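[1] Let me see the structure of the following:
(one chain, ligands or ions: 1)
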Amino acid sequence: MIKVERIRKDLETLAQFTATPGAGVTRMAFSPEERQAREYLQREMEAIGLEVYTDAVGNLFGRRAGKDPEAPVVMIGSHIDSVKNGGPFDGAAGVVAALEIARALQDMGKETVHPIEVVVMTEEEGGRFGSGLFGSRAMVDGISQEELTGTFDEERISKAEAMKAFGLDPDKVREAVRKPGSVKAFLELHIEQGPVLESTGTKIGIVESIVGIRTFFVTIYGSADHAGTTPMNMRRDALVAASRVITAIDGIAREAGENTVGTVGSIQVKPGSNNVVPAEVRFSIDLRDGDNEVIERATAKIKQVLAEVCEAANLTYTWEEALSVPPVATEAKIIDIVAEAAQRKNISFRMMPSGAGHDAMVMARLAPVGLLFVPSRDGKSHCPEEWTDYEDIALGAELYLDAVLALAQ
Ligand SMILES: [Zn+2]
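    Predicted coordinates:
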């Protein structure tokens, strides 16, 4: 059985391993606090008979043998690194849920055909070196030597140097790559980091897709004229045009799909003077949805509005694409198992997209993945106030216990 008291103890213990006591959890990759957290988890894994090992990039595993040692593993876990002054649940909730599932299997004396591995991923947040998803990328794609020697923390310590100081050999990172077919499934439980579950009174979010992200930069060119002497009908005001386009983007995102989000989060105005008509405005567009076609359609509409607004105002513009990450679908079979278990156990759930990337997004290139969300109080995350009820994490673990059993039998 999943026991909420053990989950509470694990999370309260992990929360103590922080570089900023009293100001949230700060647990950077390859830091003393991370080592303490790993040592705690390692002891807990060994206490239930898991075979503990660390791969070449520091991913920590607790392996529960299967009847067929050659069978692909069912992997479950998340990360324990944090952002600066983050909360006690981001990442840790998923690691602790995975550990508790292994304990429950031990309590039940369950044997499985497939081995099960609890995984604690290295540097998902990228809080120290700025490039996250390190542990999962190392397993799926492999890490380049350029990344190890070319990314630095604030003290100009390279990732390679930090790894060495942590007892790892950066020359061996390729050894962390998992063979295709060697992982049967990867399951991750994570806090929602948004307000949807709490505000709808739902306990579990079953993620159907991790959203695709498209980022664009638009620059509109007008003419810098005197704010006092240029009549309104003779102006070529880039900011007025930009604001019309930005307002339209909000409407297009609202209408594009149930889960579409569109954000203009940065804007620069030139010359940026209170008495000069704006001559040049550059702004960003961040569009996200779980369905690429929805993003494509919304993008086309925005382009159309931009063209019309600029044409009507006698302005020119440029359009640049800065980022294009396709959506990632989670595994239908895993969704079905979890949804069926939730119905049977009378646990409220809803299907939803993930608006943030997680290790599961990377692992999906290696194996079928599942991703479950549990509620975040007030939708807050990456801050000391981050909170999820232990009982809710236990409910998520119960559903994944069923999924692990179904996948590993
Ligand atoms: Zn996380």
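
[2] Look up how far the ion lies from the residue located most distally from the centre of the chain.
    The C-alpha centroid of the chain is most remote from T229, which lies 51.7 Å away (C-alpha atoms, centre = their mean). Distance, T229 to the ion, by C-beta to the ion, to the nearest Å: 55 Å. C-beta: built from backbone N, CA, C; applies to glycine.

[3] Next SSE downstream of whatever helix or strand L239 lives in?
    Assigned by DSSP states H and E, L239 falls within helix 238-256. Sequence order places strand 261-263 as the next helix or strand after helix 238-256, per DSSP H and E.

[4] Parallel or antiparallel, which strands does that following strand pair with?
    Using DSSP bridges, strand 261-263 pairs in its sheet with strand 280-289 (antiparallel).

[5] Near A322, how many other residues are there?
    11 (other C-beta atoms under 10 Å).

[6] Quick check: it is in a strand.
    Yes - judged by DSSP: H, G, I helix; E, B strand; the rest coil, A322 forms part of a strand.

[7] dump the residue contacts of it.
    Neighbour list for A322: 215-217, 284 [criterion: C-beta atoms under 8 Å, 6 or more residues apart in numbering].

[8] Least confident of those residues?
    pLDDT across those is lowest for T215, at 91.

[9] Quick one: list the elements packing against whatever helix or strand that one lives in.
    Counting by DSSP H and E, the element that carries T215 is strand 212-221. Counting contacts by 3 or more C-beta pairs under 8 Å, 6 or more residues apart in numbering; DSSP states H and E, strand 212-221 is packed against helix 238-256, strand 280-289, helix 292-312, strand 316-325.

[10] Tell me the span between the first and last residue of stretch 323-336.
    End-to-end distance for stretch 323-336, by C-alpha to C-alpha, to the nearest Å: 32 Å.

[11] Using the three-state scheme, assign E33.
    Once three-state DSSP is applied, E33 turns out helix.

[12] Now for it: which residues touch it?
    For E33, the contact set (C-beta under 8 Å, 6+ apart) comprises 17-19, 26-27.

[13] Name the member of these with the most neighbours.
    In terms of neighbour count, R27 stands highest of those at 31 neighbours, by other C-beta under 10 Å.

[14] right, and it touches V83 too?
    No - counting by C-beta atoms under 8 Å, R27 sits too far from V83 to count as a contact (9.3 Å).

[15] for V328, what are its contacts?
    Neighbours of V328 in contact, by C-beta under 8 Å, 6+ apart: 209-210, 212, 360-361, 364, 369.

[16] Which pLDDT value goes with it?
    Reported pLDDT for V328: 93.

[17] Where do the strands of this protein begin and end?
    51-54, 60-64, 73-79, 116-121, 183-191, 204-210, 212-221, 261-263, 267-270, 280-289, 316-325, 328-329, 349-354, 369-374 (DSSP state E).

[18] Listing request: residues of the stretch 201-350 of the chain with sub-threshold pLDDT.
    Low-confidence segments of the stretch 201-350 of the chain, defined by pLDDT under 70, are absent.

[19] What residues are bridge-paired with the closest residue to the ion within it?
    Using C-beta to the ion, I210 is the residue of the stretch 201-350 of the chain that sits closest to the ion, at 12.4 Å. Assessed by DSSP bridges, I210 has beta-bridge partners V328, S354.

[20] What is the neighbour count of it?
    Around I210 there are 26 other residues, counting by other C-beta under 10 Å.

[21] repeat for H226
    9.

[22] Distance of it relative to E208?
    Going from H226 to E208 by C-beta to C-beta, to the nearest Å gives 55 Å.

[23] dump the residue contacts of whatever residue of the stretch 151-300 of the chain ends up closest to the ion.
    Among all residues of the stretch 151-300 of the chain, H190 sits closest to the ion, at 5.7 Å; criterion: C-beta to the ion. By C-beta under 8 Å, 6+ apart, the contact list for H190 reads 78, 90-91, 93-94, 358, 360, 371-374.

[24] Same question for K345.
    Listed by C-beta under 8 Å, 6+ apart, the contact partners of K345 are 398-399.

[25] and what of H226?
    275-277.
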